[in-house]
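> below are the sequence and a predicted model; questions follow.
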Amino acid sequence: MNAPNPPDAPATEAAASGCPVAHGGPDSVTRLYGEGAASDPYAIYARLRERYGALAPVLLEGDVPAWLVLGYRENRRVLENPRQFTRDSRIWRNWKEGRVEETSPLIQMVGWRPDCVSQEGEPHRRLRAAVTDSIQAVAGRGIRRHVTHFATKQIDAFASDGHADLVSQYAEYLPMLVLTRVFGLAESEGRQLAVSCAQVIKGGEEALAHNDRIMKILGELAERKRDEPGADFTTGLLEHPADLDDSEVLSHLRLVLIAAHTTTSNLLARVLQLVLTHPSHLAGLVSGQLNISAVVEEVMWNKPPLAVLPGRFATADVELGGHQVKAGDLLVLGLAAGNRDPGVRPDATAALHGNKAHLAFSGGSHECPGQGVGQAIIETAVDVLLHRLHGLRLAVTPEELTATASSWEIRLDRLPVEFTPHHP
């Protein structure tokens with residue numbers, strides 16, 4: 001079975017290359033970037049599901065073709081079968097054949113690097129062990145204490161005002177400030193790194209420059225920690241028995257920094273949004289009748305911090321979701337779409353208490369290794385905020401809250417609140 005053909009679409013060079021949008025020109029295939037995608041991504045997922053089923057042809061930034069996996073079961077199949085769907089982008093046909101520029105913002109997200117995400121088998125296990133061991137070592141060294149310190153400092157800056165934007169004044173930078181302690185970085189570098197990490201995920205012309213900035217800061221950090229080791233994640237990588245070389249250390253510092261900050265800041269904003277737009281949630285948390293972990297799980301199902309996960313590459317021709325995927329095709333995983341798959345969740349409004357089978361943490365051998373750290377940051381950040389700010393309430397109607405989407409995520413723009421002012 002050939003790739004699905006949009007009706008009345010002209011033949012293109014893409015068709016000749018065997019890419020997933022065969023016989024479909026750019027104007028006839030859905031783009032996952034730009035203003036159209038930002039307006040209502042969930043409506044796009046629904047339309048694609050209705051037209052194509054569990055797998056749909058899409059265009060990523062620069063009109064690069066890919067398959068978007070929409071079905072929950074199909075996402076699980078891709079995530080849990082690295083022999084069929086590898087994370088190693090060196091087999092990506094459009095890259096090998098020169099149809100993707102080296103300067104493409106997509107390379108920052110799907111390009112090959114000497115890190116555990118880009119590898120499978122024994123190389124993956126070796127590098128993954130270094131990451132998980134180093135994360136576990138720092139996780140027990142006061143993560144919640146660091147969060148409490150920086151959360152208090154952030155709140156002190158606006159507590160006497162009686163109003164704030166909990167995105168720009170709290171959620172957007174707090175995780176990175178915590179990560180500066182985890183990595184052994186200077187606190188002063190936190191805001192600059194937060195901006196650069198967000199730009200790498202967002203894409204666009206500035207993504208490459210921001211990635212270079214991140215690499216420069218992390219390169220200097222690694223050099224410093226060789227001479228001055230400490231009880232931090234960076235030192236853990238440098239001294240791990242897996243014996244990572246310089247490029248492997250730097251690549252993993254980049255990987256964990258970008259992934260941990262962008263996903264945790266987005267998730268924190270969404271958790272606060274849910275709490276403030278549902279009075280029962282707020283009352284339950286303040287009274288202790290509701291556990292914050294239950295609120296986090298609800299957000300993981302309905303608004304995961306990464307809506308689309310890059311990327312996997314078919315190792316051979318294979319059938320998926322009723323469509324024929326060709327060897328070397330790029331697949332991107334629709335985590336948000338899969339979580340709302342009517343086949344496994346016919347009532348998207350039904351309660352999901354205790355159900356942790358969502359796709360938000362990915363799955364298989366590449367499942368997120370820092371779940372515990374992210375959970376600790378969010379739970380502590382919410383707890384500190386609710387206990388510091390009395391009379392906390394949303395300053396606008398829920399309908400006035402807006403979000404901006406890129407190829408990979410949907411971020412809340414702002415979360416204006418009011419509360420009883422007090423002097424810290």
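Sure, I can see it. Residues are numbered from 1 along each chain as shown.
> element containing the residue nearest to residue 229 when sequence neighbours are not counted?
In this structure, residue 229 finds its nearest non-sequential neighbour in residue 235, 4.4 Å apart by CB to CB, 6 or more residues apart in numbering. C-beta: built from backbone N, CA, C; applies to glycine. Counting by DSSP states H and E, the element that carries residue 235 is helix 233-239.
> next one: residue 300
Residue-wise, residue 300 maps onto helix 292-302 under DSSP H and E.
> now stretch 277-288: buried residues?
281, 282, 284, 285 (16 or more other CB atoms under 10 Å).
> right, and residue 75 touches residue 340 too?
No. The pair residue 75 and residue 340 fails to qualify as a contact (CB atoms under 8 Å) at a distance of 11.5 Å.
> so if I had to pick from those two, which one is more boxed in?
residue 75 (26 against 18; other CB atoms under 10 Å).
> what's near enough to touch the more buried one?
69, 333, 334, 335, 338, 359, 363 (CB atoms under 8 Å, 6 or more residues apart in numbering).
> ok, it to residue 320 distance?
10 Å (CB to CB, to the nearest Å).
> farthest pair in the buried residues of stretch 277-288?
For the buried residues of stretch 277-288, with distances taken as CB to CB, the pair at the greatest spread is 282 and 284 (7.2 Å).
> run the chain-centre distance for stretch 46-65.
19 Å (CA atoms, centre = their mean, to the nearest Å).
> and the contacts of it?
3-4, 14, 19-21, 24, 26, 29-33, 66-71, 73-74, 94, 99-101, 104-106, 203-204, 320-323, 325, 330, 332, 337, 341, 407.
> now, of those residues, which are buried?
By 16+ other CB under 10 Å, those give 3-4, 14, 19-21, 24, 29-33, 66-71, 74, 94, 99-100, 104-106, 203, 320-321, 323, 325, 330, 332, 337, 341, 407 as buried.
> backbone dihedrals for the residue nearest the centre of the chain, please?
The centre of the chain sits closest to residue 306, judged by CA atoms, centre = their mean, with a distance of 3.5 Å. Dihedral pair for residue 306: phi -110, psi 110, per degrees, to the nearest 10.
> and it, what is it in contact with?
Residue 306 touches 263, 266, 335, 360, 408, 409, counting by CB under 8 Å, 6+ apart.
> let's have the residues you listed in CSV, adding secondary structure, distance to residue 415 and pLDDT.
Below are the contacts of residue 306 laid out as CSV (DSSP: H, G, I helix; E, B strand; the rest coil; distance: CB to CB, whole Å; pLDDT from 0 to 100):
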residue, secondary structure, distance to residue 415, pLDDT
263, helix, 17, 94
266, helix, 12, 95
335, helix, 22, 97
360, coil, 20, 93
408, coil, 21, 91
409, coil, 16, 90
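> surely residue 214 meets residue 255?
No. Taking CB under 8 Å as the definition, residue 214 is not a contact partner of residue 255, at 10.6 Å.
> the two: which has the busier surroundings?
residue 214 (21 against 17).
> contacting residues for the more buried one?
193, 196, 197, 200, 254, 257, 258 are the contacts of residue 214 under CB under 8 Å, 6+ apart.
> how near is it to residue 240?
In terms of CB to CB, residue 214 sits 21 Å off from residue 240.
> do the same with residue 37
Distance from residue 37 to residue 240, by CB to CB: 40 Å.
> kindly report the same for residue 136.
For residue 136, the distance to residue 240 - CB to CB - is 12 Å.
> if you count what's nearby, which of these two comes out ahead?
residue 240 (19 against 14).
> now the more buried one: how far from residue 126?
In terms of CB to CB, residue 240 sits 10 Å off from residue 126.
> swap in residue 117?
For residue 117, the distance to residue 126 - CB to CB - is 13 Å.
> neighbour count for those two, which is higher?
Remark: of residue 117 and residue 126, residue 117 carries more neighbours, 21 against 17, as counted by other CB under 10 Å.
> ok, the more buried one - contacts?
By CB under 8 Å, 6+ apart, the neighbours of residue 117 are 87, 255, 366.
> now residue 152: which helix or strand?
Counting by DSSP H and E, residue 152 is part of helix 143-156.
> what does residue 357 give?
With DSSP H and E as criterion, residue 357 is part of no helix or strand.
> any idea how far residue 375 lies from residue 40?
Distance from residue 375 to residue 40, by CB to CB: 29 Å.
> ok, now residue 332?
Distance from residue 332 to residue 40, counting by CB to CB: 18 Å.
> also residue 280?
For residue 280, the distance to residue 40 - CB to CB - is 27 Å.
> and for residue 223?
46 Å.
> more neighbours, those two?
Neighbour totals were compared for residue 223 and residue 40, and residue 40 leads with 14 against 11 (other CB under 10 Å).
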